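okay, sequence plus prediction incoming.
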Amino acid sequence: MLSEGRWSDITILNMSSRGLMARTGSVPKARSYVEIRRGKQIVIVGKVVWHDAQHFGIQTQDRISIGMIEDGTAADGAEPHDPAVERRAQPRASDPAEAFERNRQRAAIFQFSLVVAGGAAGALLIANMVMKVLGTPFATIASHLA
């Protein structure tokens, strides 16, 4: 399976004429497109409609035949796909809206990290000042009790 520019192995668990359910170690994101290949002739392209920890379901662009998966031959006499010509063999060019959203999420994570780091540094500074202020009176009390 090709997802987000990486190939991974999958196990098809359930299949219908317009979709399938599969299991894999690296589950693709919902609403992303995946390409599933079996041999050189079978190519299934679909959109991920749901996922959990190890499973996902896709809705395919074209009708698929269970027989073509079992036999390893293209359905209805379709020509085998040539990887050199196949446009879907390469990841899709990044959409500017997707890049904007991805960068916005990164900026939000970075901002949150800075706020947490600043809060932790402030808490340490205040704790250090309180230790200095209370250290002298507590040392005096400890010396009188001893």
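Yep, that arrived. Residues are numbered from 1 along each chain as shown.

got phi/psi on Gly39?
With angles defined as degrees, to the nearest 10, Gly39 sits at phi 70, psi -150.

need the longest helix for this protein.
Secondary structure of the chain read by DSSP state H shows that its longest helix is helix 96-145.

what is the mean pLDDT for that helix?
Averaging pLDDT along helix 96-145 yields 94.

cool, stretch 43-60 as well?
93.

same thing with stretch 11-22?
In the prediction, stretch 11-22 has an average pLDDT of 92.

what's the span of it, first residue to last?
Separation of the first and last residues of stretch 11-22 by CA to CA, to the nearest Å is 5 Å.

spatially central residue for the chain, please.
Among the residues of the chain, the one closest to the centroid is Lys29, at 5.2 Å (CA atoms, centre = their mean).

which non-adjacent residue is nearest it?
Val48 (6.6 Å; CB to CB, 6 or more residues apart in numbering). Where C-beta positions appear, they are placed from N, C-alpha and C, glycine not excepted.

again, but for Gly19
Gln59 (4.7 Å).

which strand residues bridge that neighbour?
Beta-bridge pairing for Gln59 (DSSP bridges): Gly19, Lys47.

ok, it touching Lys47?
Yes. Contact criterion CB atoms under 8 Å: Gln59 and Lys47 qualify, at 5.3 Å.

looking at those two, which one has more neighbours?
Lys47 (16 against 13; other CB atoms under 10 Å).

Val45: neighbouring residues, count only.
Neighbours of Val45 (other CB under 10 Å): 15.

which residues does it contact?
The contact partners of Val45, by CB atoms under 8 Å, 6 or more residues apart in numbering, come to 33-36, 60-62, 88.

show me which of these is closest to Gln111.
Tyr33 (30.6 Å; CB to CB).

distance of that closest one from Lys132?
60 Å (CB to CB, to the nearest Å).

cool, and Gly118?
Taking CB to CB, one finds Gly118 at 21 Å from Lys132.

equivalent analysis for Leu114, please.
27 Å.

can you check Thr140 too?
14 Å.

and Ala74, what pLDDT?
57.

gap between Glu101 and Leu114?
Computed as CB to CB, the Glu101 to Leu114 distance reads 21 Å.
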